[in-house]
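1. I'd like to go over a predicted model; first the sequence, then the structure.
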Amino acid sequence: MSKVAIFTMGTRGDVQLYIYLARKLIENGIDTILGTHPYWKDLIEKAGVKFVPIGSNINIEREMAAIRGNGANPMSMGRELDFISDFFQDATHDILNACKGRDLVVVSHSLIGAVEAQALGIPTVNVTIQKDAIPEKLRQQSVSEKVLENIGSSRIIKPYNNLRKIYGLRPIKFIDELMSDKLNLMPISRTVNDRNPYWEAKNVVTGFWYEDDMDFVPDEKLRTFMETGDKAVVLSFGAMNYEDDAEVEKLDKYIKAFEATDTKAIIQGFQRSLATNYKLPDKIMSCGDVPHSWLFSRARYVIHHCGFGTCTATMVYGVPSIPIPYMPEQIRYAAKLNDIGIATKMVKTSKVSKRAIMDVLDEMNSSYYFKKEKAEDISKKVRAENGLDDAVRRIKDILHG
C-alpha cells in the first residue's frame, strides 16, 4: 500500500482543504496522514483521517488574525513571516519524523514539509491556491522583473533556508526551488479561471476540492429557522470569531443593519457574545459549526471575508456573495466574484459601518435574481469538474511511476 503524508498550517479553511484530499486518497486505498498544529486534532480525527501533531498547540488562526489586524498595516507582512518562521523551526523535527517511511509528501500552499521531504529524498507534490504564486517559466523575463524577483525572494525564502541549514542542504535563491518537479495541483475551477499559457505543464488546474456533508443533522431550531419562511442571509466570518472588543463592535454594525432593513439573517459564531450582549429579534439567530454544504445551499446569499474556502463554497453551492475582505488575497477573490457576476461591490473591513452594510444589502436585493441565476449556472459547471477525483488520479500516477 502506498503511503502519503500531507502537511499544512493555518486557519480552518487551510486545514479543511487537505482533509478533503486526505479522505479521497484513503478512499482510493492510499495510507494517508495529515500533519498540522494540534489545535485541529479533533477536526481531523472526526473526519476519519489519521492526525499527526506538528509544532506547539497554539491557535494559529487567532495569532495570525492578531498580527494582520484589519489588513491595512504594511508592517504586518514582516511580522507574519517571522511568526511562520518560528513555527517552521518548532515543527520541523515532528515533520521529519512523520515523513519517514512515506512514499510521497503533499506539500501545501504554505510549502510546509518541502524542506524535510528534500532532506529525506522523498518525492513531493505541491498544492497552490493562488495563481500569482506560480512562476511564468515559459516567458522571458525583463531585467527589471528579475531584479524585483530577487528582492522579493530574499525575504520570503529566509525561513526555508534556516531549515535547510539544519539538515545540511544548500541554500536556495528562489521559492520555486522548493516546488515539486513532478506535479503542482491547483484546486481552483477551470470554469472561472483561465490557465496561464506561460506555466509549465506540471501546473495543473484540477477544479475545486470539496465534499457534500451528507451526515450533518441540524437541531430542530436551526432546521426550522432555515426552512421556514424567507431564505436567510448568512453572515460567515471565521476570522471574526475571536469575540474581542473590536470584533464584537463590528458585529454590532451588522446586527443593526439587519434590523434596519428587516433582513432575516443567521450568524455563524460569536456564541458567547450574542448570548451575553443581545436579545436577537425573531428574524436573526446564531449557529455554531455548520457545514457550508448544508448552510450555504439553503441561504439567500452569504456575507463573508472572501477567504479561499468560503469563496469556493459559494460557487460550489450556487449562492451570491457580499464580500467584506481584509487581506490582499481576499480583495483579489472578491474582485473575481464581482467580475463573474455573483457578488456585489466589496466593502473592505476597515470601512464597515451600518450605512455601508445597508447599501450593499440594497445592491444585492436589487440585482439578486440575476446574481442567483448566474451563481447556479456556475455551480453546475464547477461541480461537473470533479476536482478531487482529478487530483487523486494524478497523485496515483506519480506514486505508480
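-> Cool, the structure landed. Residues are numbered from 1 along each chain as shown.

2. my guess is residue 2 meets residue 32, correct?
-> No. Residue 2 is beyond contact range of residue 32, at 9.0 Å (criterion: Cβ atoms under 8 Å). Where C-beta positions appear, they are placed from N, C-alpha and C, glycine not excepted.

3. These two - which one has more neighbours?
-> residue 32 (25 against 17; other Cβ atoms under 10 Å).

4. tell me which residues in the helix or strand hosting that one are buried?
-> Element membership of residue 32 [criterion: DSSP states H and E] is strand 31-36. Neighbour counts using 16 or more other Cβ atoms under 10 Å place 32, 33, 34, 35, 36 of strand 31-36 among the buried residues.

5. Next: stretch 125-134.
-> For stretch 125-134, the neighbour count (16+ other Cβ under 10 Å) marks 125, 126, 127, 128, 129, 131, 133, 134 as buried.

6. Please enumerate the strands of the stretch 101-250 of the chain.
-> Assigned by DSSP state E, counting those that start in this stretch, the stretch 101-250 of the chain shows strands spanning 104-107, 124-127, 184-186, 203-205, 233-236.

7. Please work out how many residues are found near residue 171.
-> Residues near residue 171, counting by other Cβ under 10 Å, number 12.

8. residues in contact with it?
-> Neighbouring residues of residue 171 by Cβ atoms under 8 Å, 6 or more residues apart in numbering: 157, 161, 164, 165.

9. For residue 330, state which of these is nearest.
-> residue 157 (24.4 Å; Cβ to Cβ).

10. got the contact list for that closest one?
-> With contact set as Cβ under 8 Å, 6+ apart, residue 157 has these partners: 171, 172, 173, 174, 175.

11. mind checking how far the second one is from residue 95?
-> Distance check for residue 172 against residue 95: by Cβ to Cβ, to the nearest Å, it reads 18 Å.

12. between these two, which one's more packed in?
-> More crowded of residue 172 and residue 95, by other Cβ under 10 Å: residue 95, with 24 against 16.

13. so what's the nearest residue to residue 183 once chain neighbours are set aside up against?
-> Residue nearest to residue 183 in three dimensions, not counting chain neighbours: residue 125, with 4.7 Å by Cβ to Cβ, 6 or more residues apart in numbering. Applying Cβ under 8 Å, 6+ apart to residue 125 gives the contacts 104, 105, 106, 107, 180, 182, 183, 184, 185, 394, 395, 398.

14. Generate a PyMOL selection restricted to the buried subset of the residues you listed.
-> This is the PyMOL syntax for the buried subset of the contacts of residue 125, where burial follows 16+ other Cβ under 10 Å:
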select buried, resi 104+105+106+107+180+183+184+185+394+395+398
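
15. Closest to residue 376 out of the contacts of residue 125?
-> Nearest to residue 376 among the contacts of residue 125, with distances taken as Cβ to Cβ, is residue 185, at 27.0 Å.

16. What's opposite the closest one in the beta bridge?
-> Beta bridges link residue 185 to residue 127, residue 204, judged by DSSP bridges.

17. One more: residue 6?
-> Going by DSSP bridges, residue 6 forms beta bridges with residue 34, residue 106.

18. List the contacts of it.
-> Applying Cβ under 8 Å, 6+ apart to residue 6 gives the contacts 18, 21, 22, 32, 33, 34, 35, 105, 106, 108, 113.

19. and with 6 Å instead?
-> Residues near residue 6 by Cβ atoms under 6 Å, 6 or more residues apart in numbering: 18, 22, 34, 106.

20. ok, so of those, who is nearest residue 278?
-> Using Cβ to Cβ, residue 18 is the member of these that lies nearest residue 278, at 35.6 Å.

21. That closest one: helix or strand, and which one exactly?
-> With DSSP H and E as criterion, residue 18 is part of helix 12-27.

22. Quick one: residues in contact with that helix.
-> The set of residues external to helix 12-27 that reach it, using Cβ under 6 Å, 6+ apart, is 4, 6, 8, 32, 34, 36, 40, 47, 49, 209, 211, 307, 309, 388, 392.
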